[in-house]
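Asks: just to be clear, the model below is a prediction. Sequence and coordinates:
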Amino acid sequence: MKKNIAIIMGGYSSEFKISLKSGNVVYETLDKLLYNTYRIHIFKDKWVYVDDNNTEFDIDKHDFSVTIASKKIVFDCVFNAIHGSPGEDGYMQSYFELLQIPHTSCSMYNAALSFNKRDLLSTLKPYGIKMAKSYYLNLGDVINEDAIIAKVGLPCFVKANKAGSSFGISKVSKKEDIQQAVTFAFKEDNEIIIEEFLDGTEVSIGVITYQGETKVLPITEIVSENDFFDYEAKYLGKSQEITPARLSKDLENKANEVAKRVYDILKMTGFSRSEYIFKNGEPHLIEMNTVPGLTKESILPQQAAAAGISLKKLFENAIEEAFKK
């Protein structure tokens, strides 16, 4: 009997349009002979199933079901394609875990931890994972530019702490620009992380649970046309994403070892894509995404293809692994 798979997409953050693209790729790719697939839009004002005619049916939040033509449909598994909140920060994971519905993403705790850049880095630091020097600010704190510069130097990056990697981020080269960058970041989140500028090769590393084991995918080198890997570079084609990355075997091995170690330390499951920058020949962790982009052009699917894993197999494996949890 075919399983009912809910593909959740949308979300509450600035990334909802990208999430809809990812979710629709999952919907189009999954084998309809194996699964009954349902596109579920999750927004602040509505949770709805959207059929092929774009007709909407309300989701019953009590048990995450939908009723169509007087027939109640329940879901055997949820494929999570929501970037940002509430799909990447633990909220949807908590909900499905309470309802005991298998889902393709990591656990509630790991989602919440990895989405919070400051907490993720603080958790991994005692394990010797290298990272940039950082300075923290919360909304309402006094902004001491001299203290910030003394800690992280110039140039530096000002980022929203809990937001997608492409939103609320600025590269600052002058003291007088710090205030504006902080204000910009606070539009996305009430917490900020300010990091030193690492001048080195940037790479993105996908690590997934594949056929029951932790698998590091071929590394992608990021070469941005812009000053850094911002929204335009990531989504509007203003970057080169070179897979496999142009790294020496030594650097490749170091990056693979660190990426696998981070995934295993966190007891991560499902998809992950982490960004690293090499400094003095060592990969420094920048952040981790647990619901990365899933379109054909997205980095993790590119990496999977380089490893000989088709989109269809990548997505089917995620569902198969969800049923094992």
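Replies: Perfect, I can see it now.
Asks: what about residue 82, distance to residue 124?
Replies: 24 Å (C-beta to C-beta, to the nearest Å). Using the backbone N, CA and C atoms, a C-beta is placed for each residue, glycine as well.
Asks: please apply the same query to residue 160.
Replies: Separation of residue 160 from residue 124 (C-beta to C-beta): 20 Å.
Asks: just to revisit the earlier point, so which of residue 82 and residue 124 has more stuff around it?
Replies: residue 82 (29 against 21; other C-beta atoms under 10 Å).
Asks: I'd assumed residue 92 was in contact with the more buried one.
Replies: Yes - contact between residue 82 and residue 92 holds when scored by C-beta atoms under 8 Å: they sit 6.5 Å apart.
Asks: so what's the residue count around the residue nearest to residue 245 when sequence neighbours are not counted?
Replies: Spatially, and ignoring its direct neighbours in sequence, residue 245 is nearest to residue 221 (3.5 Å; C-beta to C-beta, 6 or more residues apart in numbering). When neighbours are counted by other C-beta under 10 Å, residue 221 registers 16.
Asks: same deal with residue 282?
Replies: Neighbourhood size, residue 282 [other C-beta under 10 Å]: 14.
Asks: OK, contacts around it?
Replies: Contact partners of residue 282, counting by C-beta atoms under 8 Å, 6 or more residues apart in numbering, are 130, 254.
Asks: check it and give its pLDDT.
Replies: With respect to pLDDT, residue 282 scores 97.
Asks: where's the nearest residue to residue 266 once chain neighbours are set aside, which helix or strand?
Replies: Closest residue to residue 266 apart from its sequence neighbours, by C-beta to C-beta, 6+ apart: residue 110 at 5.7 Å. Assigned by DSSP states H and E, residue 110 belongs to helix 108-115.
Asks: send me that helix as PDB with only the CA atoms.
Replies: Presented in PDB, the C-alpha positions along helix 108-115 are these (Å, rounded to 0.1, in the frame of the first residue of the first chain):
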ATOM      1  CA  MET A 108      13.800  19.100  17.400                       C
ATOM      2  CA  TYR A 109      16.900  19.800  19.600                       C
ATOM      3  CA  ASN A 110      19.400  19.600  16.800                       C
ATOM      4  CA  ALA A 111      17.200  21.800  14.600                       C
ATOM      5  CA  ALA A 112      17.000  24.500  17.300                       C
ATOM      6  CA  LEU A 113      20.600  24.200  18.200                       C
ATOM      7  CA  SER A 114      22.000  24.400  14.600                       C
ATOM      8  CA  PHE A 115      19.600  27.300  13.700                       C
END
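Asks: each with direction, which strands does the strand or helix carrying the residue nearest to residue 245 pair with?
Replies: Here residue 221, judged by DSSP H and E, is contained in strand 220-224. Paired with strand 220-224 in the same sheet, following DSSP bridges, are strand 202-210 (antiparallel), strand 239-242 (antiparallel).
Asks: and residue 125, how many residues sit next to it?
Replies: 12.
Asks: give me the common contacts of residue 82 and residue 92.
Replies: Residues touching both residue 82 and residue 92 by C-beta under 8 Å, 6+ apart: 8, 42.
Asks: what does the longest helix belonging to the chain contact?
Replies: Looking across the chain with DSSP state H, the single longest helix is helix 249-265. The contact list for helix 249-265 (C-beta under 8 Å, 6+ apart) reads 124, 127, 129-130, 203, 205, 207, 214, 216, 219, 244-245, 247, 268, 272, 274, 276, 278, 281-283, 285, 288.
Asks: among those, which are in helices?
Replies: residue 124.
Asks: per-residue pLDDT, the closest residue to residue 64 other than its chain neighbours?
Replies: Excluding the flanking residues, the one nearest residue 64 by C-beta to C-beta, 6+ apart is residue 99, at 5.8 Å. You'll see residue 99 listed with a pLDDT of 98.
Asks: from now on call the first residue 688
Replies: With the count now opening at 688, the last piece we talked about shows up as residue 786.
Asks: quick check: residue 786 touching residue 750?
Replies: Yes - contact criterion C-beta under 8 Å: residue 786 and residue 750 qualify, at 6.5 Å.
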